[in-house]
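Student: Sequence first, then the predicted structure, then my questions.
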Amino acid sequence: MLRRRHKKPDALQGTLDLLVLRTLRRGPHHGYGIAADIQSISDDILRVEEGSLYPALHRMEHLGWITAEWQTTANNRRARLYKLTRAGQKRLDEERAKWDQLTKAVGKVLRFA
Amino acid sequence: MGWVRRLRSTFSRTAGDFDEERRFHIDERTDEYVRNGMSREEARRAALKRFGNATLAKERTLDVDVFRWIEDLRRDTGYALRMLWRSPGFTVLAIVCLTLGIGANIAVFSWIEGILLRPYPLVVDQDRLFAVTGTNRGAPGHTDVSWPDWLDLQRASTLAEAFIGEKITGTTLSIGDRAERASGSMVSANYFDAIGVRPVLGRSFEPGEDSGRNAHPVTVISYEMWRDRFHGDPGVIGKTQVLSGLPHTIVGVAPKGFYGTFVGYAFQFWVPASMQSQFDAGVYKLEDRGARWIEGYVRLKPGVTIEQAQAEMSAIAARLEADYPETNRGRGVKLFPLWQTPFNNAGALLPTLAVALVVVLSVLLIACANVGNLLLVRAFARQQEMTIRLSVGAGRGRLVKQLMTEGLILSAIAAAGGLLVANWLRDALALLTPPRGGVVLRLPGELDWRVLAVSAGVCLGSTVLFGLVPAMLTSNIDLAGALRSESGGVIGGRSRASVRSTLVLVQVSLSFVLLVGAGLLIQSLQAVRNASPGFSTDGVLTTGVDLFTAGYDPQRAKNFQDELIDRLQALGGVESAALSRMTPFSYRNYSTAPIAVDGYDAPPDQQPAADYNEIGPGFLATMGIPLVSGREFTRADNERAPLVAVVDETMAAQFWRGVDPVGRRVQVKGRWMQIVGLARNARYRNLLETPKPFFYVALRQNFSATTALQLRTAQRPAALAPALVREIHALDANVAPSELITMREQVDRTTAAQRISVTILVVFGALALVLAAIGLYGVMASTVSQSSRELALRMALGAGASDLLGLVLSQGLALTAGGVVVGLVAALQVTRLLGYLLYKVSPRDPLAFASAFVVIAVASLVACFVPAWRAVRTDPLRALRG
């Protein structure tokens, strides 16, 4: 049922989803934290656009991959914490397999050429 | 309370959410930049810049959320419809239960709106309209207001926008060769302007038309009268219509849908108050401050409270009391909200509708319990499905939403059906109320937007009631436990069974309370019907003979009356005949007068007063009102003889303190009268009135050409009517008597409120019982089917059919017993609320409780027996294998 309405995401968006899901696998996090993590782990190479991040987060919440909850942070601010769901975990595994396939394929082509 | 949070997070998706999320992001980013060495100002600007176009991001985010919401709704709706479609038995049963419950509620709401809250179609600003009545210090109840007092109130009040004075009246209209009663109203000249009703033809009354004795014979007629009697003639303005014996010029036609301002009646004509004496058999009250006859309304200025207005009115009344002690001693003014108006049928119907409201809410509760029960059965049947959906990651909130959507669809369909039911019941109250001599009754339900809004609220409320319990239980599904395959369980001993049993318990107890209430009201109605009004109801007929509107002067009228009585008493089968100005239990008012008695000193700020009837010779004997001592009036008590009076026991007890008053005297409106008789107390207006002093004066000495005629005879009205008409026509072919009815019927017409409540409570009590029985049946049936393995095992191990029957029956009956106990406790508490509607019946009447118990017991036996029987007939082998 969840699958029926799920449109195939384009490659870029798929990548953002993958990055977000992977980040959330380390534990619940808010939007800013997700963006910061992606940026620092990628050594500042990947900079997530806020204008894309939040729509993506809400869309994934809508798809049931992640859930969100308001919580107060250590510095006493109210933040919306996102958390990976079982479905999101499954999705992450699939996307990751696909990504590995894709990078492997691209690598092969590059080496061959 | 995890589900609360889940529900909340599911339902709260607002734009504010995104703003807060963004604010947090920018704050964090700013902190980061500050840590990197920027100034806070700079950091903030950079963070904002980095976030980019906030509006665009917000729109995109919200788009996702709104899309999601609509998507979910569409999906849930589709899914719910499919689920409902797949189990049509459940769906139909649930919808029928809810339709009855919601429909009954909408019907009662619409009655309350149409009769109590906004009773007068087309009248503007009814929420600022209040009823105005007079009071009598030291006496309970209300009185009318005199016309001079009314005008003074109007002049002196600063908080009122308009005073709308009126008094219900009637006339006989000849329709071809038939005579028909038409009800109408005498009104202040500002009437139509003040209520904001514009005539569709002609004009309303002009200032000054309500002054001068009989000076303005003009009338505004109702739209119906214009259409039916004048065939919608556009040239009707300026034509004349005889009303109460006098030609009136038609100056206006009221708009369609305007019925006047008197709950219960549809008026057909309006005349200015100046025509009062013409409609009161020649008694002129317009300039008499002592004569109280005006019943009216005041529209307060916006923002003025009833307390402020009451204070002002009381102050004005106190000034009037000081200025006119003769007539106004002890007189006050009291305002009522429209729905408590004491002088029309609103006051009488208020307790009835209040009872009806409680009853239908109980019926709705029972219906909700039923549907909740059904949903619960299904929810558990779908436990596997729900578990799977949860395990693939559907949010629990989504499941709750899904269940609520199903519930909402059920109650929305039921509400639509309920609207049809309510629409169909709109005029039910008028049908339950006996007509009075052809007068058009009007007790409509009003299905306006307010009623629709309340109904929508009820619909939502009941969805929450019956949908939330299963939703809560379902959203707390224990995944691991639920995934273990379920086999048939043991009867009882499971939490879902206990929830369902509780629901049935509630239903049984509510039904019990309703049945007790119905039993009490039936007994009360019986007691009312059997109560003696103090006069004979059998063998006495009554009708009216109106010589005033026939144009008779007093002398001719007196001759006519004497001759008529002689002729009637000579008729075969007529024992005696007597005239009076009023027949008991009439809707018209008795005469009332300030009285004084030798040796009785009233408190200085009070003015003793009493109602009286003007009666002809032989009236008490004809009515069957016994005399305690003395005599009643004879033909000799005429205008040349000394003035005489007969008092009743209550009056004797109050003013002569138990001494036989025969031979004493009483002063009535300044005239001393000799007391010649002491009569037994009777009821004068209705069966439930509290005894107040009452007396009789001689019709000849207080003449009225408009009279009631009483006949003591063993004949039926239909048998005697032709002879009566013949005798009257022998005297004057132009005089026609009004409807001839038995006194029994006359009395019954005043018990309408009791009869309406009895009918409502019996109908809805039966409905509640049926719904509760369905609920009990449902629980027992599904218990049996879920325990079929257990039962089969017991059979295989040698349990006999009677053992199994006993097992199932005893469980069902235990539920009933529990419900009855709870209901008993509740009923003992709430039946007191019936208060005024109970006549000579204790709210704890054992007979009512016992019969409710019997009815419940029989119904639950039937409801339990069918599933029990099925259990016994189960083939143990098949059940064990399956």
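Tutor: Okay, I see it.
Student: in chain A, which residue is closest to the centre?
Tutor: Nearest to the mean C-alpha position of chain A, by Cα atoms, centre = their mean, lies A:Val20 at 2.0 Å.
Student: Where does that one fall, secondary structure wise?
Tutor: Using DSSP states H and E, A:Val20 sits in helix A:11-25.
Student: residue of the stretch 201-350 of chain B with the smallest distance to chain A?
Tutor: B:Gly303 (42.2 Å; Cβ to the nearest Cβ). Any C-beta I mention is one placed from the backbone N, CA and C, and that applies to glycine too.
Student: what's the neighbour count on that residue?
Tutor: Close neighbours of B:Gly303, defined as other Cβ atoms under 10 Å in any protein chain shown, add up to 8.
Student: Quick one: residues contacting it.
Tutor: If you count contacts by Cβ atoms under 8 Å, 6 or more residues apart in numbering or on different chains, B:Gly303 has none.
Student: what's the answer for B:Leu465, then?
Tutor: Residues counted as contacts of B:Leu465 (Cβ under 8 Å, 6+ apart) are B:365, B:368, B:372.
Student: Out of those, grab the one that's most surrounded.
Tutor: B:Cys368 (28 neighbours).
Student: didn't that one look like it was pressed against B:Gly101?
Tutor: Yes: B:Cys368 is within contact range of B:Gly101, at 6.9 Å (criterion: Cβ atoms under 8 Å).
Student: Domain ranges for chain B, per the record?
Tutor: Listed by automatic domain parsing, the domain ranges of chain B are B:2-86, B:87-121+B:347-486, B:139-329, B:540-749.
Student: Just the pLDDT at the nearest residue to B:Ala857 once chain neighbours are set aside, thanks.
Tutor: Nearest non-adjacent residue to B:Ala857, counting by Cβ to Cβ, 6 or more residues apart in numbering or on different chains: B:Thr816, 6.8 Å away. Looking at B:Thr816, its pLDDT is 86.
Student: go on, B:Val132?
Tutor: 95.
Student: what do you get for the one 3 residues further on?
Tutor: Reading off the per-residue confidence, B:Thr135 sits at a pLDDT of 90.
Student: got a list of what the closest residue to it other than its chain neighbours touches?
Tutor: What sits nearest to B:Thr135 in space, not counting adjacent residues and going by Cβ to Cβ, 6+ apart, is B:Gly332, at 4.1 Å. Counting by Cβ under 8 Å, 6+ apart, B:Gly332 touches B:134-137, B:314, B:317-318.
Student: Show me which residues of chain A are close to chain B?
Tutor: Taking Cβ under 8 Å from any Cβ of the partner chain as the contact definition, chain A meets chain B at A:1-2, A:5, A:30-33, A:35-36, A:49-51, A:54-55, A:58-59, A:61-62, A:64-65, A:67-69, A:75, A:77-80, A:85-88, A:90.
Student: hang on, B:Gly778 is in a helix, isn't it?
Tutor: Yes: according to DSSP: H, G, I helix; E, B strand; the rest coil, B:Gly778 belongs to a helix.
Student: need the contact list for the residue most central in space within chain B.
Tutor: What sits nearest the mean C-alpha location of chain B, by Cα atoms, centre = their mean, is B:Leu353, with 3.1 Å. Going by Cβ under 8 Å, 6+ apart, B:Leu353 touches B:108, B:111-112, B:115-116.
Student: what's the average pLDDT for stretch B:789-800?
Tutor: For stretch B:789-800, the per-residue pLDDT averages 77.
Student: And B:Gln154, which helix or strand is it part of?
Tutor: Element membership for B:Gln154 (DSSP H and E) is helix B:147-156.
Student: Quick one: distance of that helix to the chain centre.
Tutor: Relative to its chain's centre, helix B:147-156 lies at 32 Å (Cα atoms, centre = their mean, to the nearest Å).
Student: What strand or helix carries residue 56?
Tutor: Unless you meant another one, I'm taking chain A. Per DSSP H and E: helix A:50-63 holds A:Ala56.
Student: oops, I was thinking of chain B
Tutor: helix B:54-86.
Student: What's the local residue count around residue 61?
Tutor: Using chain A. Around A:Glu61 there are 22 residues (other Cβ under 10 Å).
Student: switch to chain B, that's the one I care about
Tutor: If you count neighbours by other Cβ under 10 Å, B:Thr61 ends up with 23.
Student: and it, what is it in contact with?
Tutor: Contact partners of B:Thr61, counting by Cβ under 8 Å, 6+ apart, are A:54-55, A:58, B:18.
Student: In those, which residue is surrounded by the most others?
Tutor: Most neighbours among the contacts of B:Thr61, by other Cβ under 10 Å: A:His58, with 27 neighbours.
Student: B:Leu452: what's it in contact with?
Tutor: Taking Cβ under 8 Å, 6+ apart as the test, what B:Leu452 contacts is B:Leu419.
Student: all strands of chain A, in order?
Tutor: In chain A, the segments counted as strands under DSSP state E are A:29-30, A:66-72, A:78-84.
Student: Any chance of CSV for these, columns mean pLDDT and mean neighbour count?
Tutor: Formatted as CSV, the strands of chain A follow (pLDDT from 0 to 100; neighbours: other Cβ atoms under 10 Å in any protein chain shown):
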stretch, mean pLDDT, mean neighbour count
strand A:29-30, 89, 21
strand A:66-72, 86, 17
strand A:78-84, 89, 20
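Student: which stretches of the stretch 101-250 of chain B aren't confidently modelled?
Tutor: Within the stretch 101-250 of chain B, the stretches with pLDDT under 70 are B:174-179.
Student: Go again with 80.
Tutor: The stretch 101-250 of chain B contains residues with pLDDT under 80 at B:138-141, B:172-181.
Student: Any buried residues in stretch B:284-298, and which?
Tutor: B:285-286, B:289-298 (16 or more other Cβ atoms under 10 Å in any protein chain shown).
Student: can you check stretch B:848-858 too?
Tutor: B:848-849, B:851-853, B:855-856.
Student: Just the angle for the longest strand anywhere in chain B relative to helix B:147-156, thanks.
Tutor: Longest among the strand segments of chain B by residue count, using DSSP E, is strand B:160-175. Angle, strand B:160-175 to helix B:147-156, by axes from the mean of the first three to the mean of the last three Cα atoms, to 10 degrees: 140 degrees.
Student: Please name the strands paired to strand B:160-175 in the sheet, noting orientation.
Tutor: strand B:178-187 (antiparallel), strand B:295-300 (antiparallel) (DSSP bridges).
Student: By neighbour count, which bits of that strand are buried? Give me those.
Tutor: For strand B:160-175, the neighbour count (16+ other Cβ under 10 Å) marks B:160, B:162-173 as buried.
Student: Likewise for stretch B:445-461?
Tutor: Residues of stretch B:445-461 classed as buried: B:445-447, B:451, B:454-455, B:458-459 (neighbour count, 16+ other Cβ under 10 Å).
Student: Next: stretch B:781-800.
Tutor: Neighbour-count burial for stretch B:781-800 flags B:781-792, B:794-795, B:799 (criterion: 16+ other Cβ under 10 Å).
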